[in-house]
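Student: Take a look and give me a structure for this.
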Amino acid sequence: MGSQRRQFANFICIDWSGAVSQRPRGIAAAQIGQSGPPSLLSPKPRWSRFDILNWLNKLADAQTDVLIGMDLSFGLPFVDHGAFFPEWDDSPARASQLWTLVDQISGDDPHLAVSSFLKHPQAKRHFRHAKGDVGDLFEGGTGRLRVCEHHQRATKQANSWSCFNLVGAGQVGKSSLTGMRMLNRLSGRIPVWPFDPLPAHGPALVEIYTSMAARAAGIPPGRSKIRDRQALVNALRQLDTPAPARLRSYDDHSTDALLTSAWMRKTSTNPAMWNPPLLTEKISQTEGWTFGVI
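Tutor: Down below sits the predicted model:
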């Protein structure tokens, strides 16, 4: 695909949520500059998904020099069957068309929720919705995975879940689908890697997994959540980053965002992160890739 790399002045990590509510507790955002500690951005009462969308539009307007990482999957499995949704005539051919489809079908759902999409007679066939409520085209076990996710698991870089599985505390399907609605609303105003080329200036969006930052900071698998100040200080030290100001609450969403913003700063200068060997043009336009997986 050709070598890509760029220096950024600022870094933002957004821990996302697929909850139906207007202001989910699971949304957190942190930022960090080229030096110094990260800081948590805490609007009152809490972030909504539209707050994040409006903020990203402002960053686009200002052409802010920032790399924005979002903890969700920007695409769905495609390569395994040559389609996002086999047996559905309207299954899109590209990720950008997938974002539009999800947003259009869920257009009447408030707060960028995706209830209508998951109830759609064709879409619902592909998902495990709840115990005893499994679509006839949901593949058993972990469910379908993207090329990137198979690679993560095989190399033990991460242990990602299938977006077609909507059951369990670790499920990422709902958050990813709500994120796709937001990506569609951005209307291409911020380039999204690797679907778009990395821009020479201004903001760029990448998909990240906060668990990868935790592992880079020396936190073992299965214990990646930080819920006290000393654990956060210790983890940031492993990333050559000083501690932020004291938080009101050390919830794992806030600490995930803080730690991952520091990890993004440290890793973004590594050319290998932008040029994973398995990333082809086809994958870059359909499934996408998780930043940091090589």
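Student: pLDDT averaged over stretch 24-42 - what is it?
Tutor: Mean pLDDT, stretch 24-42: 95.
Student: so how far is it off the chain centroid?
Tutor: Distance, stretch centre to chain centre, for stretch 24-42: 15 Å (C-alpha atoms, centre = their mean, to the nearest Å).
Student: again with stretch 44-58
Tutor: 16 Å.
Student: now swap in stretch 118-133 and tell me
Tutor: 22 Å.
Student: From the rest of the structure, what touches it?
Tutor: 85, 87-88, 90, 105, 117, 134-138, 143, 164-167, 173-174, 177 (C-beta atoms under 8 Å, 6 or more residues apart in numbering). C-betas here are computed from N, CA, C, even on glycine.
Student: of the residues you listed, buried ones?
Tutor: If you count burial by 16 or more other C-beta atoms under 10 Å, the buried members of the contacts of stretch 118-133 come out as 85, 88, 105, 117, 134-135, 137-138, 143, 164-167, 173-174, 177.
Student: Could you tell me which of those belong to helices?
Tutor: Counted as lying in helices by DSSP state H, out of the buried ones among the contacts of stretch 118-133, are 105, 117, 173, 174, 177.
Student: Kindly provide the distance from the residue nearest to the fourth one when sequence neighbours are not counted to residue 56.
Tutor: Across the structure, with C-beta to C-beta, 6 or more residues apart in numbering as the measure, the residue nearest residue 174 apart from its sequence neighbours is residue 18 (2.8 Å). Note on residue 18: its distance to residue 56, by C-beta to C-beta, to the nearest Å, is 18 Å.
Student: what about residue 182, which SS state?
Tutor: helix (DSSP: H, G, I helix; E, B strand; the rest coil).
Student: Would you state the helices of the stretch 101-250 of the chain in chain order?
Tutor: 115-119, 147-155, 173-186, 210-216, 229-238 (DSSP state H, counting those that start in this stretch).
Student: out of those helices, nearest to residue 247?
Tutor: Nearest to residue 247 among the helices of the stretch 101-250 of the chain is helix 229-238 (7.3 Å), distances taken as C-beta to C-beta.
Student: What's the first helix or strand after the closest one?
Tutor: Remark: after helix 229-238, the chain's next helix or strand is helix 252-267, criterion DSSP states H and E.
Student: Any buried residues in that next one, and which?
Tutor: 252-267.
Student: Read off the pLDDT value for the nearest residue to residue 243 once chain neighbours are set aside.
Tutor: Sequence neighbours aside, residue 233 is the residue nearest to residue 243 in space, at 4.5 Å (criterion: C-beta to C-beta, 6+ apart). Residue 233 is assigned a predicted lDDT (pLDDT) of 97.
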